[in-house]
Structure formats: C-alpha cells, structure tokens
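[1] sequence first, predicted coordinates after that:
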Amino acid sequence: MNAVNEKTRYTKRGLLLRGILPVFVAAALLCFAGMADAARRTVTSGGDAGVGTLRYVVENAVAGDTIVFHPSVTTVNLNSYLFVDKALTIYGPVTIKQTAGGRVLHVKFQADCTFTQLTITGGNTGGGPGSKGAGVINYANLTMYDCTVSGNSGGGGIHNGRNMTLNNCVIMNNSSSGGDGNDDSLFGSAGGIGNSEFGSSLTMTDCVVVNNTCSNGLAGGIYNGDKATLTMVRTTIYNNRNSCLGGGMYLSTRATTTLTDHCAVYGNSPDNICGATYSADYTCRIGNWPNKSATKFLGYRGEKEPEPRSIVGDSDVAAVKSALANPQSALYGVIEQTLAADLGKTVPEKSTSLAQLAGMAATLYDANTFEDLALTSTDLSVEYTASWPENARYYALFARADESGYELAERGVQFEIKAGQSLPDGATPPDFYEEGEGLMTWRNVVTDGGSFDLEPAPGIVTFRVCSVRAAEAPAASSGGSGCSTDVASPLALLLAIPLLLLRKMQRKTHRTSQGGDQR
C-alpha cells in the first residue's frame, strides 16, 4: 500500500471518528443525565395530602424513581384514587388503604411499575359499568412481588388491561357485585382478578386466590377474557364463590389459559373451571382430592387417628426432590425399576429384565411426619388407596432411622384394578372412586424399632414419609370446554391426609435499607 492510499485511509478514519465520537458522547451524557434524575424518595407521612405523603411523592417523582417508606409509616390512608402514571418502583412493607370509597390504585398507560410488599385494601367501586378493579386497575406493565390485595369490593381485587406479573401474591376476600346483566356491566367482572382486555397478559407464580366472591358476574376467582392470556405456575385457586358459573375460573372464548407445576383449582362454587379449553400438566389438580376415608391406620392405641405434621420444606425432603429430578440418582433408579415392573414392562420369565421406559417424571406431592404414636403391637400398618392411572403409579418413601435417606418401602398389595375393570367382590371403594377408573389399595408397615422407626423407645414409633407420583409419559393434558365441578382428580393420592395446597406466603425481609431488590 503506498503512502497516498495509507494517508487517505487514516484521513477517512479520522473524519469518521470526528463525526461519530460526538454522537457517542452526547448519548452517554444523556444516559448519565437520566441516571442522575432517578432518585430514591421516602414517604414520611401516612396521610393523603401534603409534603411527605405517598400522593405527593408519586406526583413529584420522575420515571425511574424508587419510592420507599419511613419505618414509622405502616399504613397510608387515601381519600381518593391514587394514579400512577410514570415508571416507578414502590417498596413496602406498607398497607395502602382507601378510606373514602373508590379505587385504591390506578396504574396508567405510561407507567411500567414494580410494587413489592404492598397490602392494597379498602377499595369500593360500587358495582355496574366501570367498577372493575376496586383494589388495582392496571393499563401498563405492572409487576408485583409479595403483595396482598384484600378487602376490596364492588369491582373485585384486580383488573388487568395490559401486562401484569404476580409473584408470591395473595388475592383474598375481595368481592364484585357484577352488574345488571348487560354486556358492558359484566365485562371483566370478577371477585379476585379480571384479565379481560383483548390481548392482555397475566402471569402468576406461587400465588393464592382465595375467598373471593362475585354476584351476578363472571367469576369468583379469576376471569380470563377473550383473546387474553393467563399463565399460572404453582398457583392455588380455592374457596371462591360466584352466584352463577365460574366459581373458581371463567375462561372466555378464545382465551389462552395454561397451568403448570402443581397448580390447583379446587373447592370453588358452583364449579372450578368453566368456559373455554385450558391446558394443565400432569402435576396439576383440578377438583377435590379424596377425603380421609381412603386411608386406614391399624395397630395404634387410642380412639384418635394419627395426625401428621407437614415437613415439605425440610432439608431431607428437599434432598428427595433433588433426587427425583436427577435420573442418575439411586432413588430415581429404584423408582424407575419399580414403575417399569408395575406397568408390566418385565419379561415374565425373567423378572429382573426390564424393558426401557419411554421416560419417567417423578414428582414429590407431600411430606409428613407422624410422631410418638403408641402401638398395640409391634407394627403400625398404614393402608393407602389411590387412583391408578394407566401410565402412572404412586409410592410412599419412608425415612430410614439411620438418617441415610429415604427408601421405597415394601408394600403389600391387596388389590389392583386397571382402568375399565370392575372392583373385586366385597371391596369398598373410597369416596373419590369413579366407576371404570383404575384403583389400587396397598399397605406399608412401620415396625417398632425397625428401619423406619425414628423413636428408639419401645412401644412408640415416629416416622417420616414422602408421597411420590411417578409417570412414564409427562405429556400435558388439556382440559375440555364446559365446567369442571368438584370431581376428584384421577391423579390423586391420599397419603394420610389430603394434600395441603395453601402454601405459606414467604414474606421477604425488609429491603428498604438497601433500596430494595431490583430482581
């Protein structure tokens, strides 16, 4: 390359840099200016007017600001709607209460907000057209963490008209009066949550929707509107009421609803899910579990049946969950071989030779401990009855007394029927049984001083047990259209007590001193 070309190349590069560099500098200055504008603002008064109140702080904040509360402010009493029309992050813990009627919070189009540890209560929008969302009405992108929306009436707890994400939130004890029967007044009416605008999206993870009511409206718990999307993960909807259809959920035509990872919709009236088709994976529960009559204890002293204590969050149970998710773990391998045998995968002449399963998904359903049970003999027998789907089986894992982990205990099978077969003569089915459904009853034994007895004293046993469902094919199932009432799920296992589905809402520690967790 000659000197002229070399000079030309560097001259062009210099011109290019001189042209672009100011642009980059200007952009960087704008960014820094925006960062400088963002601030952390503190609410110092629980009133509704004047410097230091939440309303004053919101009105004077700029997009990107974070709002926190002085420790002395535990409740904010509003006298009218509070409009949030800019992108703000609001951290509690605090209760925001409407005291003069009307809605509590209205999140407007310009606002992309995050709310954490807020309790939103006291909203009352009366009823009829325009009353929806007495607690929160959202027309922006709103994310809520660890929030409670309760005690709002007229228009229900929440109405979502754009994009909303709820994480570890409780929606409870809200009510909607529906409307007068015309389309405008009914549109989106729900006691708990209305997700009713065309194209709106609601995602719920680890949430509970409970004890919400609706009269002359669409849903007690959740309404998912036409062309709206609802996605639920580990979310429970129970004990919600409506005066007509849609006690738990009402799904409009062309709504998209997906339930995954141990969602539960049960105990709602007059039905659990009504309307359009939904999708629920094999871990989810729609309807009521069987009741206690499906389990029998034999060999204990006294008239009162043994009662369990949940150990779902304990470290040894967490180890079981981890092992179930690991195809290389010993526990997974034992369950896989047992499932293959139960599904008839063994070669008749060689019981140890197993055919390859198409795949296995094992899920922990519940875990309990039974403590200090006095015995009439050396053994405590626990008889279980469970629905028996075609490609799945249920197992009880007992903790070993030497603390070496959990073991798939030997079970004495009393009878097993496959789907479509009749019950054996003289067999009394449990309350949840439906004719033609597979069913199996078996018995496990905890021996005094044996490998599963955690209490060394003679005549007394203490044991820990996990219930597991193992399925060959984890294919998703689709709920049909129409209404689902409280019919027991064919995937149900009763292990000593009905599955406890109301998870304790884990409150986060106060993050105000650090300015909050940005997640």
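    Perfect, thanks for sending it. Quick caveat: nothing in here was measured; it's all calculated off a predicted structure.
[2] when you work out contacts or count neighbours from here on, use the C-alpha atoms and nothing else.
    OK.
[3] any stretches of the stretch 351-500 of the chain with poor pLDDT?
    351-355, 427-428, 431-432, 434, 473-482, 484-500 (pLDDT under 70).
[4] Thr338: which element?
    According to DSSP states H and E, Thr338 maps onto helix 330-342.
[5] in that helix, what's buried?
    For helix 330-342, burial by neighbour count (16 or more other Cα atoms under 10 Å) applies to 331-332, 335-341.
[6] so which other helices or strands are in contact with it?
    Contacts defined by 3 or more Cα pairs under 8 Å, 6 or more residues apart in numbering; DSSP states H and E place helix 330-342 against helix 315-324, strand 350-354, strand 392-399, strand 406-408, strand 460-471.
[7] quick one: contacts of the strand ranked longest in the chain?
    In the chain, assigned by DSSP state E, the strand with the most residues is strand 361-374. Residues outside strand 361-374 that contact it (Cα atoms under 8 Å, 6 or more residues apart in numbering): 283, 300-301, 306-312, 317, 320-321, 324-325, 332, 455, 459-474, 495, 499-500.
[8] are any of the residues you listed buried, and which?
    283, 300, 306, 308, 310-312, 317, 320-321, 324-325, 332, 455, 459-472, 474, 495, 499.
[9] re the thing from before, what's the closest of the buried residues of helix 330-342 to Gly247?
    Leu339 (37.2 Å; Cα to Cα).
[10] how about the closest residue to Gly449 other than its chain neighbours, secondary structure?
    Leaving out its chain neighbours, the residue that sits closest to Gly449 by Cα to Cα, 6 or more residues apart in numbering is Pro456, at 5.9 Å. On the three-state scheme (DSSP: H, G, I helix; E, B strand; the rest coil), Pro456 is labelled coil.
[11] gap between Pro456 and Gly126?
    63 Å (Cα to Cα, to the nearest Å).
[12] tell me which of the two has more neighbours.
    Neighbours were tallied for Pro456 and for Gly126 using other Cα atoms under 10 Å; the higher tally belongs to Gly126 (21 against 13).
[13] I'd say that one and Gly155 touch.
    Yes: here Gly126 reaches Gly155: they are 6.9 Å apart, a contact under Cα atoms under 8 Å.
[14] now list whatever residues contact both of the two.
    Joint contacts of Gly126 and Gly155 (Cα under 8 Å, 6+ apart) are Ser177.
[15] can you give me the helices in this structure?
    For the chain, helices defined by DSSP state H occupy the ranges 3-37, 54-60, 183-186, 315-324, 330-342.
[16] show me how the protein divides into domains.
    Domains of the chain are assigned by automatic domain parsing as 1-30, 74-286, 292-476.
[17] would you format those as TSV with distance to Ile67 included?
    Formatted as TSV, these follow (distance: least, Cα to Cα, whole Å):
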stretch	distance to Ile67
domain 1-30	23
domain 74-286	5
domain 292-476	33
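[18] deepest in the core, which of those domains is it.
    domain 74-286 (a mean of 24; mean count of other Cα atoms under 10 Å).
[19] for Phe463, give me its contacts.
    By Cα under 8 Å, 6+ apart, the neighbours of Phe463 are 369-371, 398-399, 446, 452-455.
[20] what of Ser177?
    Ser177 sits in contact with 126-128, 153-155, 189, 214-217, where contact means Cα under 8 Å, 6+ apart.
[21] ok, now with 6 Å
    127, 154, 214-215 (Cα atoms under 6 Å, 6 or more residues apart in numbering).
[22] before we move on, what about Thr205?
    167, 232-235.
[23] what's across from it in the sheet?
    Beta-bridge pairing for Thr205 (DSSP bridges): Asn167, Val233.
[24] and it, what pLDDT?
    On the pLDDT scale, Thr205 is placed at 96.
[25] for Gly333, see how far away it is.
    With Cα to Cα as the criterion, Thr205 and Gly333 are 31 Å apart.
[26] again, but for Asp271
    Counting by Cα to Cα - Asp271 and Gly333 are separated by 40 Å.
[27] need the residue closest to the centroid of the protein.
    In the chain, the C-alpha nearest the mean C-alpha coordinate belongs to Thr235, at 1.9 Å (Cα atoms, centre = their mean).
[28] wait, that residue sits on Thr203?
    No: judged on Cα atoms under 6 Å, Thr235 makes no contact with Thr203 at a distance of 10.2 Å.
[29] pull up the pairing partners for the longest strand of the chain, direction included.
    Short version: by DSSP bridges, strand 361-374 pairs with strand 309-310 (antiparallel), strand 460-471 (antiparallel).
[30] of those, which is nearest Gly275?
    So among the strands paired with strand 361-374, strand 460-471 is nearest, using Cα to Cα, at 28.8 Å.
[31] coming back round to it: quick one: which of the strands paired with strand 361-374 is nearest Glu403?
    Of the strands paired with strand 361-374, nearest to Glu403 by Cα to Cα is strand 460-471, at 10.9 Å.
[32] okay, the residue lying closest to Ala362 once chain neighbours are set aside and Gly333: tell me how far apart.
    Counting by Cα to Cα, 6+ apart, Ala470 is the residue found nearest to Ala362 once chain neighbours are left out, at 4.2 Å. To Gly333, Ala470 is 12 Å away according to Cα to Cα.
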